[in-house]
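Trainee: Okay, here's the prediction I keep looking at, along with the sequence it came from:
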Amino acid sequence: MSAQSWFNRIWYGTRTPPWWLMPWSQLFRGLMAVRRALYRRGWIASVRLRCPVIVVGNLSVGGTGKTPLVIWLAAQLRARGLEPGIVTRGFGGSGGIARLIGGSDDAAIVGDEPVVLARRTGVRVAVGRDRPAAAQLLIDAGCNVIVSDDGLQHYALARDCEIAVIDGARRLGNGWLLPAGPLREPRSRLTEVDAVVINGGAAVAPAISMHLAAERAISLSDGGTRPLTAFRGTAVHAIAGIGNPQRFFEMLRGQGIDVTPHPLDDHARIGAAEITFADRKAVLMTEKDAAKCAHWADTRHWVVPVDAAFAEGDSVKLLDIVANCLDRRRAANDEVKHG
């Protein structure tokens, strides 16, 4: 069992965290509170860019569905005549210097999520541990609104709108902060964000309900497309190196597909051994996994893209929240300009 799997059993299972982890969580809570206070009082500076910044993040470690939401949001902003750019750290890659990337970049260098974002959105994407520097590259390239994939806790980059995404099945786990629980900040942080999005499961107002939808599979060998329903009643291997692999497996089972699951750690490095099996069954995988293993794929291997979808009216509610934040930023800029 990997360390990540061991922690997930504690964080999202029914077991009480080991007593020896609890003091470390209290220490972590204190350090986070001090760090936040330093930023709030201006003793550590946040960089305010000349264009609006929208942060899509989470409180918990692991996948919550924020990347599909970023893809959806980028498309909505473009449809409104804006030129969005996406900034992300590029977790899982080996490069740390801020740079612009494209869909053809090597995921081993820039990270799997940035490659997926670049391919799916068609907008400019920048990666780097220094988020303000990476975001500035996007502005220099012509972007007029920045969407930060993750970064709710990256206070070095000032933001105008915060969207927190919660996994509707796992919620906030056992409620403890790291390392006894999965939380990076206390749950009270949710009262400060502009919108809370629940991915799957019930959402109580004012939270917004979202779910992930998958309708097709794309061949990694030739780019051909099949409806996901074509795999109904078929036994397949399913690979998921994401924060919550079970969500992917259950989504496929919901389509009537007989799944043999192969969960991997989030951002796991994938080679031929991880996607090659003795039988000739089809192999379905997430986009993050496919970005790292196309070199070894053959006709058995398929990627299943997922899209963010919303309950009736909730997409309008979320876009209204974002629009109001952008309007406040424009008003503030005008006041400074004419002040």
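Mentor: Right, received. Where do you want to start?
Trainee: For burial, what's the neighbour tally of residue 76?
Mentor: Neighbourhood size, residue 76 [other Cβ atoms under 10 Å]: 16. For the C-beta atoms, the positions are set from N, CA and C on the backbone; glycine is no exception.
Trainee: distance of it from residue 323?
Mentor: For residue 76, the distance to residue 323 equals 10 Å [Cβ to Cβ, to the nearest Å].
Trainee: now residue 38
Mentor: Taken as Cβ to Cβ, the span from residue 38 to residue 323 is 32 Å.
Trainee: Specify the local secondary structure of residue 209.
Mentor: Counting by DSSP: H, G, I helix; E, B strand; the rest coil, the backbone at residue 209 sits in strand.
Trainee: Number of residues surrounding residue 327?
Mentor: For residue 327, the neighbour count with other Cβ under 10 Å is 12.
Trainee: Is it located within a strand, as I assumed?
Mentor: No - Residue 327: not assigned to a strand; according to three-state DSSP it is helix.
Trainee: can you pull the pLDDT of it?
Mentor: Looking at residue 327, its pLDDT stands at 93.
Trainee: Ok, residue 269 next?
Mentor: 80.
Trainee: That one touches residue 111, doesn't it?
Mentor: No - Residue 269 lies out of contact with residue 111 (Cβ atoms under 8 Å); the separation is 11.5 Å.
Trainee: which of these two has more neighbours?
Mentor: Comparing residue 269 with residue 111 by other Cβ under 10 Å, the one with more neighbours is residue 111, at 26 against 14.
Trainee: how close does the more buried one sit to residue 171?
Mentor: 27 Å.
Trainee: Residue 50 now?
Mentor: 37 Å.
Trainee: Same drill for those two, tell me which one is more crowded.
Mentor: Counted by other Cβ under 10 Å, residue 50 and residue 171 do not tie: residue 171 has more neighbours, with 16 against 8.
Trainee: where's that one relative to residue 243, distance?
Mentor: Taking Cβ to Cβ, one finds residue 171 at 14 Å from residue 243.
Trainee: Check residue 256 too.
Mentor: When distance is defined by Cβ to Cβ, residue 256 is 25 Å away from residue 243.
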